[in-house]
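K.L.:
Starting from these lines, generate the structure:
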Amino acid sequence: MLYMLLCYNNETEVLGWTPEQDAAVMGRLSVVHDRLIAEGKMGPSGRLQGTTSAKTLVKTEAPFVIDGPYAETKEQFLGFYTLDVADMDEALAIARELGVANPGGAYEVRPMRLYLPGAIAAE
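P.N.:
Numbering: from 1, shown residues only. Predicted coordinates:
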């Protein structure tokens, strides 16, 4: 079954990491990523740019665009993983493992109702 793992963290803290701190976190995550890819359990994933680069289209009768994310929250949506695993328990186990590699923040795990792979190739 497909699951989306949504990554939340305090953007100010994450963007404040030194290059060495960022590389250390990404290195620890890569160990988990490589294993999940080898096992055929990890699909597309991404790390988002900061919320200052975001725009939000507010869907009203006359739609309009605002700067930044839709909601003001303590933690921001910073990335995602697509997982193909047996069940929610396995998805949560992976979230826990990623949490050890990248402490702080939260992972929200949701079953996917629809998955459209699209045609965008990685750069």
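K.L.:
remind me, longest helix of this structure?
P.N.:
helix 19-38 (DSSP state H).
K.L.:
Parallel or antiparallel, list what pairs with the helix or strand following that helix.
P.N.:
With elements assigned by DSSP states H and E, the helix or strand that comes after helix 19-38 is strand 42-47. Paired neighbours of strand 42-47 in the sheet (DSSP bridges): strand 76-84 (antiparallel).
K.L.:
buried ones in stretch 73-91?
P.N.:
Neighbour counts over stretch 73-91 (16 or more other CB atoms under 10 Å) mark 76, 77, 78, 79, 80, 81, 82, 83, 84, 85, 91 as buried. Where C-beta positions appear, they are placed from N, C-alpha and C, glycine not excepted.
K.L.:
Give me the contacts around it.
P.N.:
Here stretch 73-91 makes contact (CB atoms under 8 Å, 6 or more residues apart in numbering) with 1-11, 14, 36, 40-48, 51, 69, 94, 98, 105-106, 109, 111-112, 115.
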